[in-house]
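K.L.:
Here is a sequence with its predicted model. Questions after.
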Amino acid sequence: MNEADVRERLADVQDPDLGDDIVSLGLVNDVAVEADGDGGTVRVSLALGAPFSPHESAIAEDVRDALADTGFDVDLSASIPDELDADERVLPGVKNVIAVASGKGGVGKSTMAVNIAAGLSELGARVGLFDADVYGPNVPRMVSAEERPQTDGETIVPPERFGVTLMSMDFLTGEDDPVIWRGPMVHKIITQLVEDVEWGELDYLVMDLPPGTGDTQLTILQTLPLTGAVIVTTPQEVALDDAVKGLRMFGKHDTNVLGIAENMAGFRCPDCGGFHEIFGSGGGKALAREHELPFLGGVPLDPAVRTGGDEGDPVVLGEGETADAFRVIVENVANNAGVVRRRGVSQGR
């Protein structure tokens, strides 16, 4: 068993999204074979960038299966090569930054961001949640975050809830105090929070953006290396029209859109059992199809979502149809983040 033997076996492992084997795609960073009298160890470094995504977990399992009958122990590691040194990166400890955005308010964007973050954490990932909705920060309420950030005067240590590290403008303003800032102040505070918060080592940093296409979004697009964005909409036409504006904003800044998530996708009556499409049907899917983007999934209009937001219990951590719908979106977000990272490696090699 040598490196060539290992790579020959790995050439049978297919990437489920990119349509070729991991060797041809350049997703094998390195192979080392350490032999001894009883076999030894094969160490394989893979270019996988979305920890705990189902598809990348499946790739890793297929690699183990491909080497299972060799008599060697298999030691897998995963990393995406980065041309920048650690001290040149904006967030050196963060593997993926995912923006959750909407063209208009009232479509459940913050609810989606909270459930994506909590769902990724439930999968096993290290997750941060940055409530960047400067003018209407409400994530702390939605997760019942009573603990405040700590600081030594230089850095800010954020609190944690449901395994998710949290930061929000709500922590920095007085209760019920309005935020009345012009663009330059928004740019300054967002940049400061990015640089001064001790995010630590994270697999995903989920950012809840304010609705629309204003100063906060522009600052984040110009400051942070986004893996991609999730666009949240409801099925109704007015929400879809504004979602297109969000799509165009990310397109102008060469930011990958991981897909469209549809909120309030019908209501199942608890009394009659009927399913009512209050805001129309199929709008999110049609938007995704029109722009050749993935449809991440739809979440029904469910009183449990409102209750969870008010009481600080993300629905994705519970049971039932709505929790399952959120989990589908979480897994699709992670899978599509992995596609972006692996495709970048394959195309850049």
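P.N.:
Right, received. Where do you want to start? Numbering: from 1, shown residues only.
K.L.:
how about the strands in the stretch 101-250 of the chain?
P.N.:
127-131, 150-151, 156-157, 160-161, 164-168, 204-208, 228-233 (DSSP state E, counting those that start in this stretch).
K.L.:
Neighbouring strands - and their directions - for the first one?
P.N.:
According to DSSP bridges, strand 127-131 has the following sheet partners: strand 164-168 (parallel), strand 204-208 (parallel).
K.L.:
which residues are contacting the last one?
P.N.:
Residues lying outside strand 204-208 but in contact with it, judged by CB atoms under 8 Å, 6 or more residues apart in numbering, are 51, 91, 94-100, 109-110, 113-114, 116-117, 120, 125-133, 139, 199, 220, 224, 334, 337. For glycine as for every other residue, the C-beta is placed from the backbone atoms N, C-alpha and C.
K.L.:
picking up where we left off before, mean pLDDT lowest where, among the strands of the stretch 101-250 of the chain?
P.N.:
Least confident of these, judged by mean pLDDT, is strand 150-151 with a mean of 86.
K.L.:
Which elements pack onto that strand?
P.N.:
In terms of contacts (3 or more CB pairs under 8 Å, 6 or more residues apart in numbering; DSSP states H and E), strand 150-151 is packed against strand 156-157.
K.L.:
which element follows the lowest-mean-pLDDT helix or strand in the chain toward the C-terminus?
P.N.:
Averaged element by element with mean pLDDT, DSSP states H and E, the chain has its least confident helix or strand at strand 275-276 (a mean of 64). Counting by DSSP states H and E, the element after strand 275-276 in chain order, helix or strand, is helix 283-290.
K.L.:
circling back: got the strands of the stretch 101-250 of the chain as JSON lines, with distance to residue 326 and mean neighbour count columns?
P.N.:
Formatted as JSON lines, those follow (distance: least, CB to CB, whole Å; neighbours: other CB atoms under 10 Å):
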{"stretch": "strand 127-131", "distance to residue 326": "14", "mean neighbour count": "28"}
{"stretch": "strand 150-151", "distance to residue 326": "31", "mean neighbour count": "12"}
{"stretch": "strand 156-157", "distance to residue 326": "29", "mean neighbour count": "17"}
{"stretch": "strand 160-161", "distance to residue 326": "17", "mean neighbour count": "20"}
{"stretch": "strand 164-168", "distance to residue 326": "14", "mean neighbour count": "25"}
{"stretch": "strand 204-208", "distance to residue 326": "13", "mean neighbour count": "28"}
{"stretch": "strand 228-233", "distance to residue 326": "12", "mean neighbour count": "28"}
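K.L.:
Now distance to residue 304 too, for those, in CSV please.
P.N.:
Output for those, formatted as CSV (distance: least, CB to CB, whole Å):
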stretch, distance to residue 304
strand 127-131, 20
strand 150-151, 33
strand 156-157, 33
strand 160-161, 19
strand 164-168, 20
strand 204-208, 20
strand 228-233, 18
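K.L.:
For stretch 93-107, what is the distance to the chain centroid?
P.N.:
What separates the centre of stretch 93-107 from the centre of its chain is 8 Å, taken as CA atoms, centre = their mean, to the nearest Å.
K.L.:
before we move on, what about stretch 24-37?
P.N.:
The answer for stretch 24-37 is 29 Å, by CA atoms, centre = their mean.
K.L.:
Using PDB, list the CA coordinates for that stretch.
P.N.:
The C-alpha coordinates for stretch 24-37 follow below in PDB (Å, rounded to 0.1, in the frame of the first residue of the first chain):
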ATOM      1  CA  SER A  24     -10.300  14.300 -10.500                       C
ATOM      2  CA  LEU A  25     -11.900  17.200  -8.800                       C
ATOM      3  CA  GLY A  26      -8.700  17.900  -6.800                       C
ATOM      4  CA  LEU A  27     -10.500  17.400  -3.400                       C
ATOM      5  CA  VAL A  28      -7.700  15.200  -2.000                       C
ATOM      6  CA  ASN A  29      -5.200  17.600  -0.400                       C
ATOM      7  CA  ASP A  30      -2.700  15.000   0.700                       C
ATOM      8  CA  VAL A  31      -2.100  11.300   1.300                       C
ATOM      9  CA  ALA A  32       0.400   9.800   3.700                       C
ATOM     10  CA  VAL A  33       0.900   6.100   4.300                       C
ATOM     11  CA  GLU A  34       2.700   5.000   7.500                       C
ATOM     12  CA  ALA A  35       3.300   1.300   7.300                       C
ATOM     13  CA  ASP A  36       4.400  -1.100  10.100                       C
ATOM     14  CA  GLY A  37       4.500  -4.800  10.500                       C
END
